[in-house]
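> Sequence and predicted model, in that order:
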Amino acid sequence: MNGGAGAWPTGALATEPVGSLPRPARLQRAVLDAEAGLADPAELATEQERAVRDTLARMAETGSPILSDGEQRRQSFASYPLGPAPDPAEVTEGPVFAVFADGHHRVVPSLARAPFAFRAWAADDVARARTITAHPLKQAVVSPSMLSLMVPEGGIGAHAREDILDDIVAGCAEDIRRCFAAGASRVSIDFTEGRLALRRDIRAPWAGPEALGGFIGLINRVLDLLPPEQRAAVGVHTCPGNDQDSAHSAEVDYAELLPELFQIEAGYFLVQAAGEAEPDRVARLIGRQLRSGAGSGRGPRVLLGVTDPTSPKLETAEEVRDQLVRAARFIDPERLGSTDDCGFSPYLIDEKPRHGSPDFARDVAFAKIAARVRGTALATAELAGAASPVLAASAVPPVSAVPPAAAVPPVSAVPPVSAVPPASAAPGAGRAG
C-alpha cells in the first residue's frame, strides 16, 4: 500500500494495534551493551533490524489488517524526537512524569537549549518498515503535550515557554505529515498523560485539571495544521499507562476524562477498556458522550481496548467478540472497532515481571493480537445480522484475505551477531526509579 491516509474498512469493524511491543531480551541487552561501549552501533543496528523483521512477520501471521514495527528501534514512546543520543548540553534529567502502582517511577527529560527542533522522526521507522512489507502500516507518535512537559515553566534563556511550545506544535504536525508521506495509512497520538493529569499526586507536580485543558489545546493546534484527509486518519490513544506490567492512573474515572477527551478533534480514538473494572461501563460512557456531541456530525470512530497488555492471561476470540457485541449496544457499530488497551511495552528496557521475561511477554502479545483480530471478525459477523445495515450489506472479510506473511522477508535473512550475548544473559534493567 502506498503512502497517504488509508480508508477505513467497510462492512467490518476496524481493528489495529496501539504501537509498542516488547523488545526481545537480546535487543535489550544489545542496547545496554552499546550504552556501555561493549557493542558498536553496527551491532545494535543489526539487532534492531532483526527485531523489526520478526515483529512485522509475526504480526502479519496474526491476520492483522494493519501492521506496526512495535517501536523496536525506540528508547521510549516519548523521547524519540530528541534523537538516539541527545547532547547533554541540550537535555538534562527532568521532573517525575509518573509514579506507577508498583512504586517505580519514570522521569521526563528537561530541555536545556532552545529553540526546539526534532532530531529524529517517527516517519523514519515507517520508511524502513515500508522496505520490508507491503502491508498497510500504522504509526504511533508522541503528543505535543508530552513534549511540553520537557519545557521549563520559565522558558530557556531568551526563549519564552510559549515560543518553544510553538516549535513543538509545528514539529508534531510535521512528524505526522512525514509519517503519511513515508507510507503510513493511519497515525495515532499517544496521550497517556491525559488520564494521568487527573490523578492527584504531589509526586508529579505538573498534573492537574488545568494541565489537561492545556494538553487538549496543544493537540488540537497540531490537528489544525493537517489537511482534512489526514486528520480523519489520525487517532488519539488514552490509557492509564503500562510499564513493568504496572499502570500509573487506573484509579482515575473515565467519567472525569471522557468529556474532555472528546474535545480533541481527531478522526478516531483508541480507549482502554479490557483492563478496566467494568469494560461495559466504559462503552456506555463513550456512547453517552458521542450522543451528546452528535449535533456536530457523525462523530469520531472509537476503537475499544479488548486485550490487556499488563496481564499474561490470554483473552479468547470469543471473549473479544462478546465485549464488542455488548459495546455495540452503546456505540454505533459503524463507528466501533477494537485495539489493545495500551502499547505492550512503551519503554525499550522493560522486565515484564508479571510475564517472567520480555521474550515470553512478546509471545503473549502476538497471541493477544491474534485473538483480537479473530474476535473482531466474529463480532462483525454477529452484528451484521441486525445492528447495522452497513455491516449487514457486506460479508465479513476472512482472516485469510490479509496478505500472507510470506511477503515479509524472513528474519533469518538478518545475519546473526555473535558479539551480542544470548537472550538468557540479558539482565533485568530499565527502571528509572
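Here it is on my side, so go on. Residues are numbered from 1 along each chain as shown.

> contacts and neighbour counts: CA atoms only from here.
Noted.

> Quick check: closest non-adjacent residue to L13.
Closest residue in space to L13, ignoring its immediate chain neighbours: G337 at 4.9 Å, by Cα to Cα, 6 or more residues apart in numbering.

> Using the three-state scheme, assign the one you found.
Three-state assignment for G337 (DSSP: H, G, I helix; E, B strand; the rest coil): strand.

> Verify the contact between it and L304 for me.
Yes - using Cα atoms under 8 Å as the test, G337 is close enough to L304 to be in contact (6.2 Å).

> Identify the contacts common to the two.
Residues touching both G337 and L304 by Cα atoms under 8 Å, 6 or more residues apart in numbering: L324.

> Tell me which residue of this protein is furthest from the middle?
The C-alpha centroid of the chain is most remote from A158, which lies 34.9 Å away (Cα atoms, centre = their mean).

> What distance do you get for that residue to A184?
38 Å (Cα to Cα, to the nearest Å).

> I216 now?
Distance of I216 to A184, given as Cα to Cα: 24 Å.

> Compare neighbour counts for those two and give me the winner.
A184 (32 against 21; other Cα atoms under 10 Å).

> which residues does the more buried one form a beta bridge with?
L137 (DSSP bridges).

> correct me, but it touches K138?
Yes - if you go by Cα under 8 Å, A184 and K138 touch, sitting 5.5 Å apart.

> Under the pLDDT cut-off, which ranges of the stretch 301-433 of the chain? List them.
Under the criterion pLDDT under 70, the flagged ranges of the stretch 301-433 of the chain are 386-433.

> got the residue ranges for the helices in it?
Taking DSSP state H, counting those that start in this stretch as the test, the helices found in the stretch 301-433 of the chain are 317-327, 358-383, 389-392.

> gap between the second one and the chain center?
When C-alpha coordinates are averaged (Cα atoms, centre = their mean, to the nearest Å), helix 358-383 and its chain have centres 16 Å apart.

> what do you get for stretch 315-325?
Computed by Cα atoms, centre = their mean, the chain-centroid distance of stretch 315-325 equals 21 Å.

> cool, and stretch 13-22?
Computed by Cα atoms, centre = their mean, the chain-centroid distance of stretch 13-22 equals 7 Å.

> first vs last residue of that stretch, how far apart are they?
The straight-line separation of the ends of stretch 13-22 (Cα to Cα) is 26 Å.

> Stretch 152-169 too?
Terminal-residue distance, stretch 152-169 (Cα to Cα): 16 Å.

> Any chance you could list what contacts that stretch?
With contact meaning Cα under 8 Å, 6+ apart, stretch 152-169 is reached by 110-117, 144, 147-148, 151, 218-219, 221-222.

> buried ones in that stretch?
Within stretch 152-169, the residues scored as buried using 16 or more other Cα atoms under 10 Å are 152, 155-156, 160-161, 164-169.

> same question, stretch 350-366
350-353, 355, 357-359, 361-362, 364-366.

> what separates V108 from G94, distance-wise?
Distance, V108 to G94, using Cα to Cα: 5 Å.

> where do the contact lists of those two overlap?
The contact sets of V108 and G94 overlap at M150 (Cα under 8 Å, 6+ apart).

> hmm, back to that, quick check on the contacts of stretch 152-169: which are buried?
When the contacts of stretch 152-169 are checked for burial by 16+ other Cα under 10 Å, the buried set is 110-116, 144, 147-148, 151, 218-219, 221-222.

> would you say R119 is within a helix?
No - assignment of R119 by three-state DSSP gives coil, placing it outside any helix.

> quick one, what contacts the nearest residue to it once chain neighbours are set aside?
Leaving aside its chain neighbours, R119 sits nearest to G83 (4.8 Å; criterion: Cα to Cα, 6+ apart). With contact set as Cα under 8 Å, 6+ apart, G83 has these partners: 118-120.

> any weak-confidence spans in the stretch 51-200 of the chain?
Along the stretch 51-200 of the chain, no part satisfies pLDDT under 70.

> rerun that using 90 as the cut-off
Applying pLDDT under 90 to the stretch 51-200 of the chain picks out residues 75-79, 84-91, 93-96, 98, 107, 199-200.

> Can I get the helix or strand E49 falls within as PDB, trimmed to CA atoms?
Using DSSP states H and E, the element containing E49 is helix 41-61. Output in PDB follows, covering the C-alpha atoms of helix 41-61 (Å, rounded to 0.1, in the frame of the first residue of the first chain):
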ATOM      1  CA  PRO A  41      26.500   0.900  16.600                       C
ATOM      2  CA  ALA A  42      26.500  -1.600  13.700                       C
ATOM      3  CA  GLU A  43      25.900  -4.500  16.000                       C
ATOM      4  CA  LEU A  44      23.000  -2.600  17.700                       C
ATOM      5  CA  ALA A  45      21.500  -1.700  14.300                       C
ATOM      6  CA  THR A  46      21.600  -5.400  13.200                       C
ATOM      7  CA  GLU A  47      19.700  -6.400  16.400                       C
ATOM      8  CA  GLN A  48      17.100  -3.700  15.800                       C
ATOM      9  CA  GLU A  49      16.700  -4.800  12.200                       C
ATOM     10  CA  ARG A  50      16.200  -8.400  13.300                       C
ATOM     11  CA  ALA A  51      13.600  -7.400  15.900                       C
ATOM     12  CA  VAL A  52      11.700  -5.200  13.300                       C
ATOM     13  CA  ARG A  53      11.600  -8.000  10.700                       C
ATOM     14  CA  ASP A  54      10.400 -10.500  13.300                       C
ATOM     15  CA  THR A  55       7.700  -8.100  14.500                       C
ATOM     16  CA  LEU A  56       6.300  -7.400  11.100                       C
ATOM     17  CA  ALA A  57       6.400 -11.100  10.100                       C
ATOM     18  CA  ARG A  58       4.700 -12.300  13.300                       C
ATOM     19  CA  MET A  59       2.100  -9.500  13.300                       C
ATOM     20  CA  ALA A  60       1.200 -10.400   9.700                       C
ATOM     21  CA  GLU A  61       0.700 -14.000  10.800                       C
END
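
> got the angle for that helix vs helix 358-383?
Using axes from the mean of the first three to the mean of the last three Cα atoms, to 10 degrees, the inter-axis angle of helix 41-61 relative to helix 358-383 is 30 degrees.
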